[in-house]
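S.K.: for reference, the sequence and a predicted model appear below.
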Amino acid sequence: MKYFLAICLSATLLFGCSKEETKTTTNNADTTTKEKVIEIKTSFGSMYMWLYKETPLHRANFLALADTNFFDNTTFHRCVSNFVIQGGDPNSKDADITNDGSGGPGFTIPAEIDSSNKKLLHTFGAVGAARLGDAQNPTKASSGSQFYIVLPTAGTAFLNGNYTVFGRIIKGMDVAAVIVKQPQNASNNRPNTDIKMDVNVLTKTLQQLKDEYNFVP
């Protein structure tokens, strides 16, 4: 059964939905407080993701999967222009393209949806969790691994309240813009050539977050 993400309020659907790599350098401005950042390497460049502490279950799960190399060599298996790029399915590692969007780690994550928190809305660069539809999944539990990145600069507000947003791309949205433009199968929005990811956990000081990503938590 495939995880999906609604493209609009109609019946059109988007199917869906590390190793620890410590890179800390000495910085006199802040050498004590350390934070985790996710690096998503692709052949088109890297994206860097902040995981929200306001969604602790999703954050802990993503870090755990990244630490064990779960995401490595999975692909962005569905890329929809002016909507999202989506990946994280272990099935996308095999040669059977028909099962992409159906896999996961064997468990789901309870929804952590909070539309009253502006951080957790579907704004530009937001990272959300794909899930099964309401009929099979009335509690809106998230896929254990499949995630999507919001592409429109105006966001996708119609998804608010229906999917858990658990992170944000703080650098590298230009890479996402290139990925979505790659030649693809028009019937399922799967890129013709696999776009694989290599996901790592980086450790950064607060000053490094500001200097390297122009980001302040």
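M.R.: Cool, the structure landed.

S.K.: quick one, phi/psi of Leu202?
M.R.: The phi/psi pair for Leu202 (degrees, to the nearest 10) reads phi -110, psi 150.

S.K.: could you report the pLDDT at Thr33?
M.R.: Thr33 is assigned a pLDDT of 88 by the prediction.

S.K.: without its sequence neighbours, what residue ends up closest to it?
M.R.: Spatial nearest neighbour of Thr33, chain neighbours left out: Leu206 (5.2 Å); criterion: C-beta to C-beta, 6 or more residues apart in numbering. Yep, even glycine has a C-beta here, placed from its N, CA and C like the rest.

S.K.: residue contacts, that neighbour?
M.R.: Asp30, Thr33, Glu35, Val216, Pro217 (C-beta atoms under 8 Å, 6 or more residues apart in numbering).

S.K.: distance to Ala95 for those residues - can I get that in JSON lines?
M.R.: Converted to JSON lines, those look like this (distance: C-beta to C-beta, whole Å):
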{"residue": "Asp30", "distance to Ala95": "47"}
{"residue": "Thr33", "distance to Ala95": "45"}
{"residue": "Glu35", "distance to Ala95": "38"}
{"residue": "Val216", "distance to Ala95": "44"}
{"residue": "Pro217", "distance to Ala95": "41"}
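
S.K.: among those, who's most crowded?
M.R.: Ranked by the number of neighbours (other C-beta atoms under 10 Å), the contacts of Leu206 place Glu35 first, at 17 neighbours.

S.K.: nearest spatial neighbour of that one, skipping sequence neighbours?
M.R.: Per C-beta to C-beta, 6+ apart, closest to Glu35 is Lys204, 5.7 Å.

S.K.: was I right about the one you found contacting Ile38?
M.R.: No: if you go by C-beta atoms under 8 Å, Lys204 and Ile38 don't touch, sitting 11.0 Å apart.

S.K.: so which residue is dead centre in this structure?
M.R.: Phe147 (3.9 Å; C-alpha atoms, centre = their mean).

S.K.: now Phe147, which residues is it bridged with?
M.R.: Counting by DSSP bridges, Phe147 is bridged to Gly87, Ala129.

S.K.: residues in contact with it?
M.R.: Counting by C-beta under 8 Å, 6+ apart, the residues that Phe147 touches are Cys17, Phe62, Gln86, Gly87, Gly88, Val127, Gly128, Ala129, Ala130, Phe166, Gly167.

S.K.: CSV please, covering those and showing neighbour count, pLDDT and distance to Pro138.
M.R.: Shown next, in CSV, are the contacts of Phe147 (neighbours: other C-beta atoms under 10 Å; pLDDT from 0 to 100; distance: C-beta to C-beta, whole Å):
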residue, neighbour count, pLDDT, distance to Pro138
Cys17, 28, 46, 17
Phe62, 29, 98, 24
Gln86, 28, 98, 22
Gly87, 30, 98, 26
Gly88, 30, 98, 23
Val127, 25, 98, 24
Gly128, 30, 98, 18
Ala129, 32, 98, 16
Ala130, 28, 98, 16
Phe166, 29, 98, 20
Gly167, 24, 98, 25
